[in-house]
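Would you be able to build a 3D model of this:
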Amino acid sequence: MELHKVLEQKVQEAVKSIFNVDLPTVEFQPTRKDFEGDITVVVFPMLRVVKGNPVQIGNQIGEYLVEHVSEVSKFNVVKGFLNLVIADSYYLDFFNAIMADATYGYAKVNSKDAVMVEYSSPNTNKPLHLGHIRNNLLGYSVAEILKAAGHKVYKTQIINDRGIHICKSMLAWQKFGEGETPESSGLKGDHLVGKYYVAFDKAYKAEVQELVADGKDKATAEKEASILIEAQEMLRKWEAGDNKVVMLWKKMNAWVYEGFDTTYKNMGVDFDKLYYESNTYLLGRDVVKDGLEKGVFFKKEDGSVWIDLTDEGLDEKIVLRSDGTAVYMTQDIGTAIQRVTDFPDINGMVYTVGNEQDYHFKVLFLILKKLGYSWAEKLYHLSYGMVDLPSGKMKSREGTVVDADDLMDSMTATAASISEDLGKLEGYSNEEKQQLYKTIGLGALKYYILKVDPKKRILFNPEESVDFQGNTGPFIQYTYARIQSILRKASNVTLSGIEKSLELHEKEKTLLKQLQIYPETVQLAAENYSPALIANYTYDLVKEFNSFYQQVSILGEADEQKKMLRVALSKKVARVIESSFRLLGVAVPERM
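You can find the predicted model right below:
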């Protein structure tokens, strides 16, 4: 039984024995650092059923616990707080139990419902950018955390590969660069297609200016620009299955997919199943027609189909246009249902999408519930804030976007510059140095983004993220590498069961307490879909280890049992750092 449960039961027993009343609940909190103790029982809430002085009540309960609970070695009472000192033997028992457990912190695989996590979901008219980096890192990390918490997880994305924006890139390539390929240009395929998306926008704006100069008002000019009309005509041909247009679409999309694959590989994210909007945009229409018959939706005079959500504090929402064509909401309804058909064991989905779509997902989830799908109760919008750079907001049409590939390369270069300045890489080959720079640079980027609560907006500062001090990825990576150095020097220390009679140093005990909360942190991060909880737990663990390292001799300890404990403790801390960083998609270097 968990210690908290044992203590709760024994506190209730004590109150019944001493005061002859039933105590419904017991409130615990960690003992404040300025008092002696490990776990604190808060006495004040008991005053509702136990009448008397809180200090006296605390002392009486404390005496009972020392006598009846082997894990409680002593206590003290400060005002209405009963501070319990937990016996060293309890923590040593715990450590002996987890010392050789390679999967410590993770729940049994597939012990919970299957969940699908959607992330990335880019357009095929431009490369991935800084916003996609946050999306991918969040979605991938949440998927890994859910797995560690015991869920079976399917990672997916829906690729927005059709529509007017795709035709704009296609048309611009025909007009301004037909014949240029990724091979001939030396550009990644997604970068090449993105170049023509920007070229379309420039040509369109120039034509609108000409029309305005000729006397048209701006709104009319924007609608009548010939290049836009050509793009709209291309979209109509694509929807009609025009062979020439479809072949061009396939060719340019293939370039983009190859480029995306390279970016995903460099970023360290992957997917189990891909969905394409070109296959899903017709989904949902039959569902809407069924829902119309069941009275979930209603038809307006022009023939369009809507749902009335005003009773739920929302608006009326269109789900089918008057000409019978689908809107995004229709597609999303159909795609959700299709996913459960494809993976029947799914009992929940996580959509990693920016907070500008909060309203859309409220409506989507509500519609699916009204349609009677039981799994709709377990849909979650992992809503996140935008990422800004000190230079300001990004605009993809104008080509001022912060490209994901460029940013990752820049992070590697920044890590190289800082590492060279620190001068700690003697004896490394150039290849080893480059790999290390990439590990540090990407680790810095991922940790900086994931340590922030998903809902908050981020101002990403590349230089700050690669700092080797403070709450950063490189600081944690450096501590891991330091531990590996200790372990290499301690290769002759045999690690076996630690004697229960050993007296713990205060810093050893603090470190053990931090290790103890790792499994519950993983569960909490899964429940809250928050990698930030894992990131900040790891930072706290590393801070505690560095304090331990500074105040306690490890390899210089004369007592063999104490030395064995400290080496084993260092090894376990390193394993938990590696384990928690794996959940964030961050690698750890053996040397730095």
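
ok, how many other residues are close to Asn136?
Taking other Cβ atoms under 10 Å as the criterion, the count of residues near Asn136 is 26. The C-beta positions use only the backbone N, C-alpha and C, and glycine is treated the same way.

Alpha carbons of the helix or strand that contains it, as CSV, please.
Secondary structure from DSSP states H and E places Asn136 in helix 130-148. The C-alpha trace of helix 130-148 is given here as CSV (Å, rounded to 0.1, in the frame of the first residue of the first chain):
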residue,chain,number,x,y,z
LEU,A,130,8.2,27.7,-36.3
GLY,A,131,4.5,27.3,-35.4
HIS,A,132,4.6,23.8,-36.8
ILE,A,133,7.7,23.1,-34.6
ARG,A,134,5.6,23.8,-31.5
ASN,A,135,2.7,21.8,-32.8
ASN,A,136,4.9,18.8,-33.7
LEU,A,137,6.9,18.8,-30.5
LEU,A,138,3.7,19.1,-28.4
GLY,A,139,1.8,16.4,-30.3
TYR,A,140,4.7,14.0,-30.4
SER,A,141,5.6,14.5,-26.7
VAL,A,142,1.9,14.1,-25.5
ALA,A,143,1.7,10.9,-27.6
GLU,A,144,4.9,9.5,-25.8
ILE,A,145,3.6,10.6,-22.4
LEU,A,146,0.2,8.9,-23.0
LYS,A,147,2.1,5.7,-24.0
ALA,A,148,4.2,5.9,-20.8
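
Tell me the helix or strand right after that helix.
Following helix 130-148 toward the C-terminus (DSSP H and E): strand 151-159.

What lies in contact with that next one?
109-110, 112-122, 124, 139-140, 143-144, 146-147, 270-277, 280, 335, 339, 343, 345-346, 526 (Cβ atoms under 8 Å, 6 or more residues apart in numbering).

among the residues you listed, which are in helices?
If you go by DSSP state H, those have Gly139, Tyr140, Ala143, Glu144, Leu146, Lys147, Glu277, Thr280, Thr335, Arg339, Ala526 in helices.

thinking the second one is in contact with Tyr119, fair?
Yes - the pair formed by Tyr140 and Tyr119 meets the contact definition of Cβ atoms under 8 Å, at 6.5 Å.

Common neighbours of these two, please.
Joint contacts of Tyr140 and Tyr119 (Cβ under 8 Å, 6+ apart) are Lys155, Val269.

distance between the helix holding Asn136 and the chain's centre?
4 Å (Cα atoms, centre = their mean, to the nearest Å).

which residue packs closest to Leu248, ignoring adjacent ones?
Among residues not flanking Leu248 along the chain, Met170 sits closest, at 5.5 Å (Cβ to Cβ, 6 or more residues apart in numbering).

again with Ser580
Using Cβ to Cβ, 6+ apart, the closest residue to Ser580 is Thr538 (4.5 Å).

Counting neighbours, what do you get for the one you found?
Thr538, neighbours per other Cβ under 10 Å, totals 28.

got a list of contacts for whichever strand or helix holds it?
Using DSSP H and E, Thr538 sits within helix 531-551. Residues from elsewhere that reach helix 531-551 (Cβ under 8 Å, 6+ apart): 137-138, 141-142, 145, 447, 450-454, 471, 475-476, 479, 482-483, 505, 507-508, 510-511, 514-515, 517-518, 521-522, 524-525, 569-570, 573, 576-577, 580-581, 583-584.
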